[in-house]
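S.K.: sequence first, then the predicted structure, then my questions.
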Amino acid sequence: MRKVQGGVTAAKGFSAMGVHAGIKKDQKNDMAMIYSRVPCIAAGTFTTNQVKAAPVLWDQKMIYETPYSQAVVCNSGVANACTGEEGMDYCSEMAEIAAEELGIKKNMVLVASTGVIGQQLPIDKIRHGIKMLAPKLRSDQEGGHLAAQAIMTTDTVPKEIAYSFQIGEHTVKIGGMCKGSGMIHPNMCTMLGFITTDINISKHLLYEALSSDVQDTYNMVSVDGDTSTNDTVLLLANGLAGNPKITEKNEDYERFVEALHAVNEFLCKKIAGDGEGATALFEVQVIGGESKEQAKTLAKSIVSSNLVKAMIYGHDANCGRILCAMGYSCARFNPSIVDIYFESRAGKLKIVENGIPTHYSEEKATKILSEQEVTAIADVKMGTCQATAWGCDLTHDYVSINADYRS
């Protein structure tokens, strides 16, 4: 497996584009489209929030009830959440217009929205945007990049990645883009993500690969403890790589799973590092766990703690906050044998040994915590299981961004 240039247009047969349709007040791109020249099988994972946005309900129905998908239309600026039947009608209209423009069936169009909750879509601008997008679709890297820009809200950078790998004599590519900066919390799935691949695989295994990998990637990210109404990850596979169809969990399937995980993990870390107002990516590794579930629970509790996140922002190695977060996680462990380390490009430092702070150098700890990527490692010494979670520091800017989000 190797990293290649591009994002959602890296795989054979996919094109994309982003345009400014006038939804946002600035002149930034606010609508995106992804299209495959042949029908795809599709898998999706969606928010567990009981308040589900209209696009989530639309995509769930399309993916679960129709055999193929071929296009995705996404707008930023307005979430189309808490919008009732009118919001669902707009999803249907978005799909219908896109289908007409692309010459495909309406039920082959998936839709997504992100932005302010509780506002109806400016459907006239959406119609105009779709009609602008379809003739401008590009299969090159720039088309994918413009689409990645168009789905951003409070994100500061577009997030995209692609890999290639071999199945026999066939080169398979997989690429993805996502948006996510705020309203991010591990409870599937904390963002909008779109992944495309030209692998030939059964729909059942495509869904199983995605739903399984979500548990160790998107479900392990937390920025602010809020699970969105619109969280969606869509995975489209069009089969154009030409590999023998994967219908069982064999070596070919495992290669695909490895590549999918690489895409998802990269995008997750980009989301965490670009958290609203963040200055640092904060990674938490729990090792020596008695079970995978125990390790995951502890890691998510640490990475989600506002006090720990504020500690990272202040570059203050207040180890008691990490132990406290572990203690209220509901995971059973022995605090008296826990070791905790901080690590970054500036070095590695043990700050807790057997549940008691070590005589570490505060100056060294501050230097380690001042890097843009910081890792906390908690060894609970109960077994061989481990888990990793990703988040960011909590800054003054987070409050500023969200205090006037609608304006």
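M.R.: Nice, I can see it.
S.K.: phi, psi of residue 81?
M.R.: Note on residue 81: backbone dihedrals following degrees, to the nearest 10 are phi -120, psi 140.
S.K.: list the buried residues in stretch 289-307.
M.R.: Buried residues in stretch 289-307, counting neighbours by 16 or more other CB atoms under 10 Å, are found at 289-290, 294-305. (Glycine included, C-beta is placed from N, CA and C.)
S.K.: from the residues you listed, which land in helices?
M.R.: Using DSSP state H, the subset of the buried residues of stretch 289-307 located in helices is 294, 295, 296, 297, 298, 299, 300, 301, 302, 303, 304.
S.K.: sorry, back to before: turn the buried residues of stretch 289-307 into CSV, columns for distance to residue 62 and pLDDT.
M.R.: What follows is the buried residues of stretch 289-307, written out as CSV (distance: CB to CB, whole Å; pLDDT from 0 to 100):
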residue, distance to residue 62, pLDDT
289, 38, 97
290, 41, 97
294, 37, 97
295, 36, 97
296, 31, 94
297, 34, 95
298, 37, 97
299, 34, 95
300, 31, 92
301, 36, 93
302, 38, 95
303, 33, 92
304, 32, 89
305, 38, 91
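S.K.: can you add distance to residue 102 and give those back as a markdown table?
M.R.: Shown next, in a markdown table, are the buried residues of stretch 289-307 (distance: CB to CB, whole Å):
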| residue | distance to residue 102 |
| --- | --- |
| 289 | 48 |
| 290 | 52 |
| 294 | 48 |
| 295 | 45 |
| 296 | 41 |
| 297 | 44 |
| 298 | 47 |
| 299 | 42 |
| 300 | 40 |
| 301 | 45 |
| 302 | 46 |
| 303 | 41 |
| 304 | 41 |
| 305 | 46 |
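S.K.: out of these, who's nearest residue 259?
M.R.: residue 296 (22.5 Å; CB to CB).
S.K.: contacts only, for that closest one.
M.R.: Listed by CB atoms under 8 Å, 6 or more residues apart in numbering, the contact set of residue 296 reads 215, 220, 286, 387, 389.
S.K.: now, which of these lie within strands?
M.R.: Among the contacts of residue 296, the ones falling in strands (DSSP state E) are 286, 387, 389.
S.K.: compare these and tell me which has the most neighbours.
M.R.: Neighbour counts for these peak at residue 286, which has 30 neighbours (criterion: other CB atoms under 10 Å).
S.K.: quickly list what it is bridged to.
M.R.: Here residue 286 sits in beta bridges with residue 378, residue 387, going by DSSP bridges.
S.K.: is it correct that it is in contact with residue 378?
M.R.: Yes: at 5.0 Å, residue 286 and residue 378 qualify as touching, with contact defined as CB atoms under 8 Å.
S.K.: list residues touching both of those two?
M.R.: Counting by CB under 8 Å, 6+ apart, the residues touching both residue 286 and residue 378 are 298, 299, 302.
S.K.: nearest to residue 67, of the residues you listed?
M.R.: Taking CB to CB as the measure, residue 67 lies nearest residue 299 of the shared contacts of residue 286 and residue 378, at 37.9 Å.
S.K.: gap between the closest residue to that closest one other than its chain neighbours and residue 376?
M.R.: Leaving aside its chain neighbours, residue 299 sits nearest to residue 389 (3.9 Å; criterion: CB to CB, 6 or more residues apart in numbering). To residue 376, residue 389 is 10 Å away according to CB to CB, to the nearest Å.
S.K.: next one: residue 330
M.R.: As judged by CB to CB, residue 330 and residue 376 stand 19 Å apart.
S.K.: then residue 131?
M.R.: From residue 131 to residue 376 the distance is 49 Å (CB to CB).
S.K.: neighbour count: these two, which is higher?
M.R.: residue 376 (25 against 15).
S.K.: list the contacts for that one?
M.R.: Here residue 376 is in contact with 282, 283, 284, 285, 302, 308, 322, 340, 341, 342, 343 (CB under 8 Å, 6+ apart).
S.K.: again, but for residue 126
M.R.: Going by CB under 8 Å, 6+ apart, the list of residues near residue 126 reads 21, 23, 31, 75, 90, 93, 94, 97.
S.K.: one step back: isn't the residue nearest to residue 299 up against residue 218?
M.R.: No: counting by CB under 8 Å, residue 389 stays clear of residue 218, with 11.0 Å between them.
S.K.: quick one: stretch 82-92 to chain centroid distance?
M.R.: Relative to the chain's own centre, stretch 82-92 is displaced by 25 Å; criterion: CA atoms, centre = their mean, to the nearest Å.
S.K.: pLDDT of that stretch, averaged?
M.R.: Regarding stretch 82-92, the rounded mean pLDDT is 94.
S.K.: so what touches that stretch?
M.R.: Stretch 82-92 is contacted from outside by 51, 53-55, 57-58, 80-81, 106, 111, 117-121, 123, 126, 229, using CB under 8 Å, 6+ apart.
S.K.: with just CA atoms, put the one helix or strand residue 164 maps to into CSV.
M.R.: Element membership for residue 164 (DSSP states H and E) is strand 159-167. Extracted in CSV, the C-alpha atoms of strand 159-167 (Å, rounded to 0.1, in the frame of the first residue of the first chain):
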residue,chain,number,x,y,z
LYS,A,159,-9.1,17.1,4.4
GLU,A,160,-8.4,14.5,1.8
ILE,A,161,-6.2,11.5,1.2
ALA,A,162,-5.7,8.6,-1.2
TYR,A,163,-3.9,5.2,-1.3
SER,A,164,-3.3,2.5,-3.9
PHE,A,165,-2.6,-1.2,-3.3
GLN,A,166,-2.4,-4.4,-5.3
ILE,A,167,-4.8,-7.3,-5.7
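S.K.: each with direction, which strands does that strand pair with?
M.R.: strand 2-3 (antiparallel), strand 170-179 (antiparallel).
S.K.: skipping adjacent residues, who's closest to residue 255 in space?
M.R.: Closest to residue 255 by CB to CB, 6+ apart is residue 165, at 5.5 Å.
S.K.: what sits against that neighbour?
M.R.: Counting by CB under 8 Å, 6+ apart, residue 165 touches 1, 2, 171, 172, 174, 255, 256, 258, 259.
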